[in-house]
Structures are given as C-alpha cells and as structure tokens.
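[1] Here is a sequence together with a model predicted from it:
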Amino acid sequence: MDTETSQTLDKYAQDKYKYGFVTEIESDRPKKGLDEKIIKFISQKKNEPNWMLSWRLDCYKKWLKMSDPKWANLKFPRIDYQDIYYYSSPKGFENKPKDLSEVDPKLIETYNKLGIPLEEQKVLAGVAVDAVFDSVSVATTYKGELEKLGIVFCSISEAVQTHPELVKKYLGSVIPPGDHSFSALNSAVFTDGSFVYIPENVKCPMELSTYFRINAEETGQFERTLIIADKGSYVSYLEGCTAPQRDRNQLHAANVELIALENAEIKYSTVQNWYPGDEEGKGGIYNFVTKRGLCKGKNSKISWTQVETGSAVTWKYPSCILKGDNSIGEFYSVAITNNFQQADTGTKMTHIGKNTRSKIISKGISLGNSQNTYRGNVSFLRKADKARNYTQCDSLLVGNKCGAHTIPYIDSKNNSAVVEHEASTSKINEDQLYYCRQRGLSHEEAVSLIVNGFCKQVLQELPMEFAVEAQKLVSISLEGSVG
Amino acid sequence: MTFENNFINHSKDYIFSANETLANQREQSFRKILKNNYDKKNNESLKNITISDLSKFDYFYKYENKAPKVSVLDSINYEIRVVNGMCQNFEDDNIEIRNLQNYDFNSFLDQDNNNSDDIIIDLNKIFLNSGIFFNIKNDTKLNIRLIHDTSDNFTVFQNNFINFKKNCEINFEDHFNLSHNTINNINYNTKVEECAVVKHNIFQDFSSSNKLYLTSNTVCKKNSSYNQNTYNFSKGFVRNFHNISLNGEFAKASLKGCFFLKDENICTNKTNIVHNAEHCISDQTYKGILNHNSKANYYSNTFVSENAQKTEGYQLSKGILLTDHCSFFSKPELRIFADDVKCSHGSTIGPVDETALYYLRSRGINKNEAMKMIISSFIEEDLQNLDHQARIIISNNLTNFLNSLSDD
Amino acid sequence: MIFLNINNLNVSIEGKKILNDFNIQINEGEVHAIMGPNGCGKSTLANVLAGNEDYEINSGKVIFKDEDLLDLNIEERAQKGLFLAFQYPVEIPGVNITPFLQASINSKLKNEKKPEIDNISFAKLLKKNAEELGISIDMLKRSINTGFSGGEKKRYEILQMSILNPALSIFDETDSGLDVDALRVVTEGINRFKDSKKSFLIITHYQKLLDYIHPNYVHVMREGRIIKSGDISLAAEIEKSGYQNF
C-alpha cells in the first residue's frame, strides 16, 4: 500500500469507538459461573413457569456433553465458562417498570447517548424500540399502537408469561438446542431478548427494533429473539448493539429464530457495533451468534442484512431453511475487520422445497492485522426441484498484514437446481483512487467513497433510517490501518 | 483382511525395511491412522471414500516377469511402460529413469510430500512397494508417454520423483492400463526447475473394478510453467489430489480437469495451490458431467502467502447434473494474506442449459443429439491445446460416454 | 501570470525514459493539440500533469498559474483547475454520479475559500448542464461509468468538465473508440465550453477530432519530445503522409 493510503487510514484512527462509555449503575447479579442453581435463579428472576425451567435444564444437560465448534477460522483462548456472570440487571428491576418514570434516569440517559431516546415525546419516528440492558429489557416504545393491530412486540420474558402457547410451539423449533454448544448454552441461560408476533395478513407499519447494550463487566449476554410472521404478514426488524470499552473479553452468545408462514415476509437487519478491542487487540466482545430463519410456508421470504463492524471475534451465520415451496432466502452482508479483529461469518441456505430461491451478497473488507473469512453453505436437497442460488462474495484487502478468506460449500443433489457462485479478492483499485482524486477529492474521501460503493449492494437493503448511519460506520471502521 | 493384518503381513515383505527413515515413516503413518480412527468429520479426504476400501483391501504384490520397457520411438518421442510399479532402468542424453532402491530414496526425501492430513498419503507410505526416479535433463524437448500397467489383483503403492531440469520443454502423459481389481496409490513428487515448461496430460479410463488414488506434489521454480490436464472417463473410483507450490517469481501453474461419471461412480478432485513468490499465476478449471447415481467432489484451496504480492489466482468449477440421483459437492477456498492480488473463483452446478436445448431442438435436432452437442461444447475449450493423438483418445471416450446417455 | 510552462521535463517509468527534455508553453485561452504515433509519450504527458504517481519525474519544471505544479498532489492540482478527461474512464460500481460530482465541486470551492454549493442548486446546475449535453436524467442516477458505453463515458467526462469549470482541460485521446456521432456530441460540448479564459491541451492520434475543435497550435511529438510545431495545416499534413516524415 502506498504511504498516502496508510496516512489516510491513520486519520480515521482518530475517530475512536464512541460507544465505549460505561454507565455507573448498580447491578444486581448472582455469583460467577454456571450450574443448575444459576439457571434456577434466572428462571426464578423471570418468574417462569415450570415447563420453561425444565426446558432450560434439559438444554444445560445437553451443553455439558458438548464441546465448542472448532471449524471456524478463528483463534482465541478457550472460554472459561465458570468465569462469567450469567445474569446482571440494573438494581430495582425485579419487575419490569410499567412506564419510564419508574426507570432510573441514568439508563434513559445511556440510551439518549446511544442515539436511542426512549421518552414518549422523543421516540424515533416510525421505529418501535425494545431496549435491552445487560440481561433485562428496559423499555419498549410504541407498544400501544402495535397492540391495536394485534402485533405482539415485547421482551421474551414477558412473552413466556403472556403467550406461552406461541413460545412453547416455536422456541427451539428452528435452532434445536442440541445443534451446537453455543445454541445449547444460550437455550439454558438466555436472559432477555425480543419476541414478535405478527398476526395473519398484518403488515407491520413501522420498523421494530431491539437495541442491545452490554454494560456490566465480565458479564455474558445471552439474548434470545423469536419472531413469528403469521400467514400473509410482513415485518421489518432491526437490531443494534454496542458495549463499553473494557480490557477483558466479554461473551455474547445470542440465538435468533425467525419463522415465516405462508406468504409471510420477515426482513431482519443488524448493525453490529460491539466494542472491537483496542489497537493492540486487547478486550472486545466475543460474538458467537446463531441466527436461523425457517421459511415454513409456501411463498414465504426471509431476508437477512448485516453490517458487521465490531467485536473482537465474530462467529455468525444467519441462515435460511427454505422448506415451503417457492420460498425465498436472502443474505446481504458487509463485514469489516480492523486491528486484531477476527470474523468468520457467512450464511447457510438449505433448499428443501420446490422452486426455492436464495441470494447471497457478501462484502468483506480486511484492514490492519485482522482476519476476515466468508463461510457459506448452499445445499440443494433431493426434492428441491428448480431451486436457484446466486452467490457473490467480494473481498477487499487494505495492507499486507491482514487476511481475506473465502470458504464456500456447495452441495447439489438435484439436477434441476442451479447454483451460481462468484467470488473475488483484490485491493482497492488504484485507478479508481486516481480518478476520484483527479476530480479533486482527497485521498481520504476517495477511499471512503470507494469502500462505500463496494458495499452499496448491501447497504441499500437496510431500512432508510439506518442506511445513512451504516455508511458513516463503514467510514469510521476503516480506522488505524498501517500499511 | 483388516487393516492391522494387512500391515503386519506386509511388514514381512516390506522391501524398504532396511531404510530406517522409510521404516519410521511407515510406522508413524500407521499409528496416525489408528489414532484418528478414520474420523470422517474432521478429515475431508475421507468424504465419499469407503473406509473398508482403505482398511480392508487385499494387499497383493509380487514380482512378475512381465517386462517393463523404455522405448525410444524417435528423437523426441519416448514411451515408458511401467509394470506393477516397476520400470526399466534407462539413461541417455535426455532422460534418466530408474527404480528406486532402499537408500536411493534418501536423496529425494526432502522433495517428499509430508504436508498432509491425508490418509491416502499415509497409506502410500505404509504399503510402499515401488518408486521411480525420472530425471529430465536441462534443455531437452521431449514427448514422454508413461503407461501404468497393473496386473490382475495387484496393489501398487508407488512414490515417484520427477525432476524437470532447467529450460526443458516436455509433454508428459500418464495412461493407466489397469487390468482387474487393482488398487493404485501413486504419488508424484515433481520439481519444475527454472524456465522449464511442462505439459502434463493425465488420461484416466479403466474399468469399474479398479481404483486409482493419484497424488502429486509439484514445486515450481522461477519462470517455470506447469500445465496439467486430467481427463477422467473411468468407471472405477478416482481420487486426484494435486498440490502445487509456486516458489519462484513469475511461475505459472494451470490445472484443468474434465470428468465424466456414470453409474455409481465417485470422483474426487482436490487441489491445493500455494503462492509463495511474487508475480505468479495459478489457474484452475474443473468441469464435470454426472449421470446416473454418480457423485463428484471438488475441493480446492488457493493460498496466497504474505510475500506473494502481484499474485493472480483463478478457480472455476462447473458441473452438469443429468439425473435426479447424482450429486456434486464443491468447496473452492481462497485464503489470502497479501493485498496486491487478483483472485477469483466461480462455481456453477445445474442441469443442461434448457434454453440451448430448446433452441437446438427447434432447429430439428433430436433431444439426444442436442444433448451431445451441448455437452461436447461444454468441454471443447479445454481440449484445444491437445495434440492429435490425445484428441482421439478424448473423442472416443466422449463418444462412448455420450452414447451411454441415449441408452437410458 | 505564467499559465502553463513545462521546462525540460524528463520522466521515466520503471527505469524506462518516456519524456525527454519536454518543453511547451500554453497561455490562457489557447487551444493546443499534440499529435504523435503510439508510444511517443502523449498519454504520459497527460498523466504526469494530473499527478499520476506511477511516473518518476527525473528533472524539469512545470509551472501552472505561477505555482510549481510538481509540488502538488493529484487532488490539489484538480482543485487548482486542472482537469484530465481520461482515455479510459474507470468504472466505480456503487458510487453514484450525483453525490460524487457534488463532493468534487465542493472540494474545489472549499479550496478557493468560496461557500459550498447546496443540494438544490447543485441538482439544478447538473440538470441544466446534462440537458445541454443530451445526457438523460436517468444516467445521473447510475454509478460512475458503470456499464456505460464508450460514448457515454466520454460524454460524462465532458459533463464533469462543464460542472467543475477548470482553467486547463487536458483531453487524453478522447476520440479513441468513438463513432462519428459520439465524436460530434463530445466536440460540441467542448466548443460550447470554450472561452477566452480557458485553455485546452488536446492529445490525439488522428486529425478528425481537430477538424471539429480548431486548435490554435498543433505540435508533433516523437520519442518523448515535440519535434515540430505549427498550425492546423500540420495536422492535415500528418493525415496525408503519416508520422514517418517527422
């Protein structure tokens, strides 16, 4: 890389992680470590019925027998599961506050600082937010309005109480707890997360959003999200996440399950900006997330969009099981790694039904000393007649200390199905830089412009409100690369 | 017979036992296989390989009278007939060929393929019963035709070393004349020296009772060029695994494979290309046509090390599935640690192009003929660099394969 | 004011000498054409003036508007009013034309310490100039040069010139790959833009482009330097008998 490119990238370095502050608030948490007692404690805190507790305990027993998946292209020390707090809630959250007047102003202030106002008069127009702080849901906005349409948008703890039949039926139906160790762990100890149910033929009129914040030190966050779109319904859901700057690594092992019934559509977008660790690779979040959607009914559609810029280690493969005939799965991803970040991310598209279609667009950008891997699995089972997949994955390398890796798995067992896969890896095109600069743009602006252009196919899939934010995030994430 | 029994029986006849290094390697490989317990999940080399083929095969080997021979057809055409792994020792101004004896191996061991988690390479070390050294001298221009002749029930575990010396220009062909029930585990350790240009064509067409595991480990030096073309029409099991290291600047490697599978046949192609130097180019194209219940696997890994700037690395795999019962698995990996590179891969799997089929039929061509035309055109571009004789081999095999389509 | 003065410029790329004691002077409002056979260094000249970092300046001086041009980097030269219409404009997928051009003009205004242009005024300006050049509004919604035909790319270069309003415009073989109609559109664009304050350096292989543009001076270049200068009649002479007589 020429010196100017590295200077430009150095300039970005001044733009530090701006969500790294800590909220000074007392938290309520049991001792560190994981055993049956802790699980009972969590269940009791959440006032859960017996079936829920025994489900958790079953999952815990499964987890005990499992070891962590090893196939990812990631290096990190073995996680000591006994050195983590499994539950943390801000003091005074024995019962979820009925309205914001009962919430500690410090918490409201925290969300204001993060750009997510919770107060009625200030809430984001057109976006309903469920704010999760460590292990508990703080507040959910626009609840009343959604209720009028029959939409349920609440924390999963609440849903266990209010809609047990739905939770019982669908929880663990897409991600079996025994799938791998992180899913078993999450199933045993999940603390909070969002629950969404969209009734038949309802098009949800606003974006639903959950904002996750890890605050307490040495605390794992294990949220669980369950979204059910009934026949003919539509919902767009957005997830945001940040964490304070801390020296020690923190674990985040979420499970997200989506179910789309006949003719339903779910659009799930993530802007992941967990603390990535510092320039030397110290600290940061371990992000081990299992996201899977089931296109259960005919003509259903699930679309994942992710912009991954944070975390020290990312292990994440939002996937679609295309079971219903004519169903559609999509995956759009931008993953940027810098400094010592490592990401192994991609998707899995399993075509079961006839005429199912999937599309994968992945853009990876590696800088600094980071390692960025795309891992994608496309399989056509015997009965997936006329199924189609199109995959395009492009990687951009900035500097010669980082790595960009592409590992696709393509498995076809149906002769009428068609898979097309394209991938490329290159550095920033010097001719493009020259062209932009000849028109008067600075080197810095040119790099940012070209990288954003590179990501555009993905960014344009984000809901309007977040697309601009994501673009800025992309520019900021190009920070501190040495060439 | 079990694997352990095979090992014990074979120990008595192990012809290289006087060579300690080889004997140690043999022991180690044996222990490794036992320890890993054929762990299919973590060892891709085992996918679609029947464990019993590896562990319970009947090891059979004895010296036969049938004479291997090196024939110098004219000043540039040589034919080498290898019988059950053995060759005739031969030397002239152009080449030197000889069977490796015990301590002979030691001079080449640094060139030996030791990189692997690959069970088939371990087996090669364990049951090693032959090895040939080929030395192609500086500046020679030759066409070499190598025929692997394996007799009924024979089991050949061969470890070969080929040196293509500086500035040579060689067309090297491998033909497999396998009888019945043979197992052939053949490993090539190849060195392509500076400015050498090698074209290596491999023709695989043998009957269903035979198995071939062909492994190669090729090191390319500065300004050299290695072009390998594999054509697999065989009805028996084939596993090709080619490792290429581009160690000198401006080296080029091209790997092409065409495979035509039918019945219950399984073919696995595995490639591993390592770019260690600047300005090197690698290019791979693998194409397969699958009929009946056949299965194909393609594993490819292009690795670009940190100092291999200005690398170009391309991969392409294409599969046509003709029936509901065949399957194709493809895993084209790129692992890149240098930034100034141009790398890409593409992969498509699907049926015969319906619109092309429709077009041809609308011009009055019957469906079978149309299919044949489309399939021929699918590989046509990969045949262009072949000489006349090779083209005839391919074209006969292709006709047979295409005729079998209409039998259904 | 010295507008553009190139004095004994020597340039090489990867050790190979390309410009050899090259000299030229261009004054405000003049149109100069440089013709020459392939490999004579014409395109190198254009890229060296624009600041392309692939070339090595061995010696010589370039003064542009009283300032040492070689001291400035690529974007500083652009902001100072030097525009290069590329021979092969690069495609930049995903980067939309409109915001790109707005950022571009604002960088120039900022450099001149003038207020930046707002979205609405810019949209109006862009629309007006695009219409004059027969560029459809649809095209302005596309990514830079992506999927454009050869003619569209060149027309888009002219549009950028008309927006950025440069003092010196360099055309690097703009006529290559254009059919007669496209060539006419492009040259009409250049002619409309010409005035007494603006200067042009037109690099071309053929005379045809010059028939439309009418340069004040024509120079013949060979082996890295100008070997003959004259008026438009020189171009006709080349068209008739080729470069070998020079």
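    Arrived safely, thanks for sending.

[2] next structured bit after the helix or strand of chain B with the lowest mean pLDDT?
    Between all helices and strands in chain B, the lowest mean by mean pLDDT, DSSP states H and E belongs to helix B:51-55, at a mean of 67. Downstream of helix B:51-55, the first helix or strand assigned by DSSP states H and E is strand B:69-72.

[3] pLDDT wise, what is the residue in chain C that chain A sits nearest to at?
    Among all residues of chain C, C:Gly94 sits closest to chain A, at 3.1 Å; criterion: Cβ to the nearest Cβ. Backbone N, C-alpha and C define where each C-beta goes, glycine included. Per-residue pLDDT puts C:Gly94 at 86.

[4] Looks to me like B:Asn301 is in a strand.
    Yes - assessed by DSSP: H, G, I helix; E, B strand; the rest coil, B:Asn301 belongs to a strand.

[5] which residues does it form a beta bridge with?
    B:Asn272, B:Glu333 (DSSP bridges).

[6] got the contact list for it?
    B:Asn301 sits next to B:Thr271, B:Asn272, B:Ile273, B:Glu333, B:Leu334, B:Arg335 when contact means Cβ atoms under 8 Å, 6 or more residues apart in numbering or on different chains.

[7] Regarding the residue of chain C closest to chain A, what is its secondary structure?
    Applying three-state DSSP: C:Gly94 is strand.

[8] unless I'm mixing things up, A:Val334 is touching A:Val458, no?
    Yes - under the criterion of Cβ atoms under 8 Å, A:Val334 makes contact with A:Val458 at 4.8 Å.

[9] From chain A, how far off is B:Ile144?
    According to Cβ to the nearest Cβ, to the nearest Å, B:Ile144 stands 37 Å off from chain A.

[10] Make sure that residue is actually in contact with B:Glu169.
    No - between B:Ile144 and B:Glu169 there is no contact under Cβ under 8 Å: 11.4 Å.

[11] ok, those two, which is more surrounded?
    More neighbours surround B:Ile144 than the other of B:Ile144 and B:Glu169, with 23 against 18 (other Cβ atoms under 10 Å in any protein chain shown).

[12] Any buried residues in the helix or strand encompassing C:Asn5, and which?
    Per DSSP H and E, C:Asn5 falls inside strand C:4-13. For strand C:4-13, the neighbour count (16 or more other Cβ atoms under 10 Å in any protein chain shown) marks C:Leu4, C:Asn5, C:Ile6, C:Leu9, C:Asn10, C:Val11, C:Ser12 as buried.

[13] Next: stretch C:226-233.
    Buried-residue list, stretch C:226-233, by 16+ other Cβ under 10 Å: C:Ile226, C:Ile232.

[14] ditto for stretch C:238-246
    C:Ile238, C:Tyr243, C:Phe246.

[15] contacting residues for the last one?
    By that I understand C:Phe246. Counting by Cβ under 8 Å, 6+ apart, C:Phe246 has contacts C:Val220, C:Arg222, C:Ile227, C:Lys228, C:Ile238.

[16] Which pLDDT does the model give it?
    In this model, C:Phe246 carries a pLDDT of 73.

[17] Nearest residue to it in space, please, no chain neighbours.
    Spatially, and ignoring its direct neighbours in sequence, C:Phe246 is nearest to C:Val220 (5.2 Å; Cβ to Cβ, 6 or more residues apart in numbering or on different chains).

[18] cool, and C:Asp181?
    That would be C:Gly151: by Cβ to Cβ, 6+ apart, it lies 7.8 Å from C:Asp181.

[19] Tell me which helix or strand comes right after the helix or strand encompassing that neighbour.
    Assigned by DSSP H and E, C:Gly151 belongs to helix C:150-164. Downstream of helix C:150-164, the next assigned helix or strand under DSSP H and E is strand C:168-172.

[20] And the pLDDT at the residue of the stretch 101-250 of chain B found nearest chain A?
    Of all residues in the stretch 101-250 of chain B, the one sitting closest to chain A is B:Asp117 (13.9 Å; Cβ to the nearest Cβ). If you check B:Asp117, the pLDDT there is 74.

[21] How about B:Ile379?
    85.

[22] Please name the spatially closest residue to it (chain neighbours excluded).
    Closest to B:Ile379 by Cβ to Cβ, 6+ apart is B:Cys258, at 5.0 Å.

[23] try C:Tyr243
    Nearest to C:Tyr243 is C:Pro37, by Cβ to Cβ, 6+ apart, at 4.5 Å.

[24] Redo the contacts of B:Asn301 as a markdown table? Include distance to A:Arg375.
    Shown next, in a markdown table, are those (distance: Cβ to Cβ, whole Å):
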| residue | distance to A:Arg375 |
| --- | --- |
| B:Thr271 | 19 |
| B:Asn272 | 18 |
| B:Ile273 | 20 |
| B:Glu333 | 10 |
| B:Leu334 | 12 |
| B:Arg335 | 12 |
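
[25] now, among the residues you listed, which is nearest to chain C?
    B:Leu334 (20.4 Å).

[26] Over to B:Met23. Which of the three states is it?
    For the record, residue B:23 is Ala, not Met. Under three-state DSSP, B:Ala23 comes out as helix.

[27] how far does stretch A:353-370 stretch from start to finish?
    Length of stretch A:353-370, first residue to last, Cα to Cα, to the nearest Å: 39 Å.

[28] picking up where we left off before, find residues that contact each of A:Val334 and A:Val458.
    Shared contacts of A:Val334 and A:Val458, counting by Cβ under 8 Å, 6+ apart, come down to A:Val307, A:Lys363.

[29] Who has more neighbours out of those two?
    Set A:Val334 next to A:Val458 and count neighbours by other Cβ under 10 Å: A:Val334 wins out with 29 against 22.

[30] so does the helix or strand harbouring that one get close to chain B?
    A:Val334 is part of strand A:328-337, with elements assigned from DSSP H and E. No - remark: strand A:328-337 sits outside contact range of chain B, by Cβ under 8 Å from any Cβ of the partner chain, the gap being at least 13.4 Å.

[31] What is the neighbour count of residue 66?
    Defaulting to chain A. Counted with other Cβ under 10 Å, A:Met66 comes out at 15.

[32] not what I meant, chain C
    Going by other Cβ under 10 Å, the residues that sit close to C:Asp66 add up to 9.

[33] residues in contact with it?
    C:Met1, C:Ile2.

[34] Let me see the confidence value for it.
    92.

[35] Mean confidence (pLDDT) on the helix or strand containing B:Gln284, please.
    B:Gln284 is part of strand B:281-290 when elements are defined by DSSP H and E. Across strand B:281-290, pLDDT averages out at 95.

[36] Direction included, what does that strand pair against?
    Counting by DSSP bridges, strand B:281-290 is paired with strand B:252-261 (parallel), strand B:311-321 (parallel).

[37] what would these look like in JSON lines with mean pLDDT and mean neighbour count?
    Formatted as JSON lines, those follow (pLDDT from 0 to 100; neighbours: other Cβ atoms under 10 Å in any protein chain shown):
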{"stretch": "strand B:252-261", "mean pLDDT": "94", "mean neighbour count": "23"}
{"stretch": "strand B:311-321", "mean pLDDT": "94", "mean neighbour count": "22"}
